[in-house]
Structure formats: structure tokens, C-alpha cells
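> below: sequence and its predicted model.
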Amino acid sequence: RDRVQRTQVLQVLSAVALLSLVMVVLGLGYAARFVVRPILLIESAARRVRDGDLSARAPVTPGNELQSLAEIFNEMTSKLEDSLLALDLRRRHAETLTDNLPIGSALLDGRLVVLRSCRSFHEVLALPEGEISGRLLADILPAEGLAERLLSVIETGKPARGLRHEVLRIDGTKRLLRINAAGTRLGHEETNEVSEEAARLVLLVEDLTEEEALRSEARAAQSRLAQLIDSSPAAFYSARPGDHCITYVSDNVSALLGLAPRDFTSESGFWQERVHPDDRERVLVALGDIPETGRLSTEYRFLHADD
């Protein structure tokens, strides 16, 4: 009888063990399908995002315990993608803007090697982009004392403004350039140690050649006009509407009337007082009609300095 009981107990224990094994296998299968596999899929999507594929999304299984985690991951990735797209759009807008500005810009490292430059910078130096990036600034912009001045900007942090240099470009033309420079630590704002290869200097270069030529022509024309006026038998002047205060008188007025140009411009009413008293009222009335008539031609007497 004891033997029979032991056999029955062993059979029960065997059945329990078998049932437990089946439950464990089923549990492992459930975990593999509904827990481990979703986690692996989320991990796979995360790795794709890490490698730059922002279109990666984790599959969402409704009713699954990890549904909420997958949805949060997808939402985070979608926002990250939108943010990076917006940043890229702003970057392209900024590049388009700088490329179309008449002022060339470049980013230099601590050794004054060009890291990046815009299209206007290439045009100012008459060099294609492939011959600028990675080269020392002194090789493409040979200007006496410029390298030392820019290194001083990096060392002191004080910007340099309005540096004017005449340089000989590779195409054989001489250009007058205005250069501004300011220090920067792009990508290293949080650290005190910055490598030589990091961006250290923003350079702005403007070609003043045509502008200076126009100014020179304007000065020459102004000089010729002044010579013509000085040799003219008539003095030229301009007056402010309303009160007729003189704002400009040609220099030859001294030879004609014995009065200096500053006598007319420094004292309000000086011109009116020097008009002959018998002609003054008639002339002032005629001047008041100019806004309607558009012109005036009249004769009047004017008191000389000796009068």
C-alpha cells in the first residue's frame, strides 16, 4: 500500500512539474512575443535614429504593454525630425543671404586656415571654392600685416574694423579691400580650451575698388566745378525756402562783393539786410512767388563790403 501511495505521489509531482514546465515555456513565448520583441524593435529604431535616419519609427501594437513607450518614442523622433528640418531650412536661408551679399565672409581657425567661406568671398578674391577651403589666409589674401592683426584679434578678443588693404589677386588685378574681423568660438562656447582647428575668427571682406573709383571721379568733378565757379563772373548760392537763409555761397563771392562765404551762412538774415533798401521788398515778394512760378529772374542792387 505504501508503495502504491508513493507511486501516486510521484505521478502527481511529475504532472505538476510537467505543467510548470509548460507554463514556463508558454510564459517565455509570451514574453518573447509581447515584451522582448517590441523592445528589440524599439532598440532597432533607436539605433537608426542614432545613425541619422530620422524617419525611423517603432511599430505600435495596440493593447501591448509597451504601446505607450513606442508612441512616446515615435512622437519624440517626429519632433526631433521637424526641429532639424527647420534648422536646416534656416541654415539654407542664411547661406542664400550671405551668398548674395556684396560682402564676403569666411570662418577661420586659430592658425588662420579657412574652414568655410561664402560665394561672395570667392568672388572678391577671384578664386573658386575648391582653392580656398583648407588654405592659409595669407596664401589667398596676401596683405602686409594682416595676419598679425588677425592673430591679435584671436588673442585679445577685440574686433578689428575698417582695415584697408590693396591686394594683388591671382587674376592680376589690384583691389582695394575693407576687412573686418571678430573672434568666435562656435561649438565651444561652454569650454575654456579651444583647439587650433576650431572656428576662432569671422572675417568680412568688402571690395571697395569701384566705390573708391567713383569717389575719386566725384572729387575730380567737384574740383573742376569749383574751378569753373571760381573763374565765373557770377556768384552761386542756395537758400532755404521760407526764410531765405543762405545755406551755400561760392567762394568767388569774396572777389565780387568783398564778403566771405561764412558771412552769408553764419548769420540768419544777412543776405536780406545787404539787399539795397529800395529793392528789398520787391525782391522778397518775388522770392515768395517761386513755389508757384517755379523760377525767378530779377535784378537788384546788393551792398558791397565797403558800403
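Okay, I see it.

> residue ranges with poor pLDDT in the stretch 151-300 of the chain?
Applying pLDDT under 70 to the stretch 151-300 of the chain picks out residues 185-197.

> mind listing the helices for it?
Per DSSP state H, counting those that start in this stretch, the stretch 151-300 of the chain carries helices over the ranges 209-230, 253-257, 261-266, 270-274, 277-288, 290-293.

> out of these, which gets nearest to D88?
D88 lies closest to helix 209-230 among these, at 35.5 Å (CB to CB). Where you see a C-beta, it was placed from the backbone N, CA and C, and this is true even at glycine.

> show me what the closest one packs onto, helices and strands only.
Under the contact definition 3 or more CB pairs under 8 Å, 6 or more residues apart in numbering; DSSP states H and E, helix 209-230 sits against strand 174-183.

> now L41. Its backbone dihedrals?
Phi and psi for L41, reported as degrees, to the nearest 10, are phi -70, psi -40.

> which SSE is A70 in?
Assigned by DSSP states H and E, A70 falls within helix 67-100.

> neighbouring contacts of the next helix or strand after that helix?
Per DSSP H and E, helix 67-100 leads on to strand 103-109 as the next helix or strand towards the C-terminus. Applying CB atoms under 8 Å, 6 or more residues apart in numbering, the contact partners of strand 103-109 are 98, 114-118, 120-125, 132, 137, 150, 184, 186, 196-206.

> buried subset of the residues you listed?
98, 114-115, 117-118, 120-122, 124-125, 132, 137, 150, 184, 198-206 (16 or more other CB atoms under 10 Å).

> flag every buried residue along the helix holding A70.
Within helix 67-100, the residues that qualify as buried are A70, F73, N74, T77, T98, counting by 16+ other CB under 10 Å.

> among those, show me the least confident.
In terms of pLDDT, T98 ranks lowest among the buried residues of helix 67-100, with 57.

> can you put the helices of the stretch 151-300 of the chain in JSON lines and add mean neighbour count and distance to D307?
Listed next are these as JSON lines, based on neighbours: other CB atoms under 10 Å; distance: least, CB to CB, whole Å:
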{"stretch": "helix 209-230", "mean neighbour count": "11", "distance to D307": "24"}
{"stretch": "helix 253-257", "mean neighbour count": "16", "distance to D307": "10"}
{"stretch": "helix 261-266", "mean neighbour count": "15", "distance to D307": "14"}
{"stretch": "helix 270-274", "mean neighbour count": "16", "distance to D307": "9"}
{"stretch": "helix 277-288", "mean neighbour count": "13", "distance to D307": "11"}
{"stretch": "helix 290-293", "mean neighbour count": "9", "distance to D307": "27"}
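
> tabulate these in CSV, adding columns for distance to R48.
Converted to CSV, the helices of the stretch 151-300 of the chain look like this (distance: least, CB to CB, whole Å):
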stretch, distance to R48
helix 209-230, 53
helix 253-257, 84
helix 261-266, 77
helix 270-274, 84
helix 277-288, 83
helix 290-293, 77
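
> show me what contacts the closest residue in space to D171 that isn't next to it in sequence?
Spatially, and ignoring its direct neighbours in sequence, D171 is nearest to A126 (4.7 Å; CB to CB, 6 or more residues apart in numbering). A126 makes contacts with R169, I170, D171, T173, as judged by CB under 8 Å, 6+ apart.

> at 10 Å instead, please
I140, R169, I170, D171, G172, T173, R175 (CB atoms under 10 Å, 6 or more residues apart in numbering).

> before we move on, back to that, show me what the helix holding A70 is packed against.
On a contact count with 3 or more CB pairs under 10 Å, 6 or more residues apart in numbering; DSSP states H and E, helix 67-100 meets helix 37-50, strand 103-109, helix 119-125.

> switch to 7 Å and redo it
With contacts taken as 3 or more CB pairs under 7 Å, 6 or more residues apart in numbering; DSSP states H and E, helix 67-100 sits against helix 37-50.

> tell me how far the helix it packs on lies from the chain's centre.
The chain centroid and the centroid of helix 37-50 are separated by 40 Å, computed with CA atoms, centre = their mean, to the nearest Å.

> in that helix, what's buried?
Neighbour counts over helix 37-50 (16+ other CB under 10 Å) mark P38, L41, I42, A45, R48, V49 as buried.

> state the distance from the last one to L84.
In this case it means V49. Separation of V49 from L84 (CB to CB, to the nearest Å) stands at 11 Å.

> cool, the fourth one as well?
Using CB to CB, one gets 17 Å for the distance from A45 to L84.

> one step back: among the buried residues of helix 67-100, which one sits closest to F302?
For the buried residues of helix 67-100, the nearest to F302 is T98 (58.8 Å; CB to CB).

> for the residue nearest to D171, grab phi and psi.
Dihedral angles for A126 - degrees, to the nearest 10 - are phi 60, psi 40.

> then I140?
Dihedral angles of I140 (phi, psi; degrees, to the nearest 10) stand at phi -110, psi -20.
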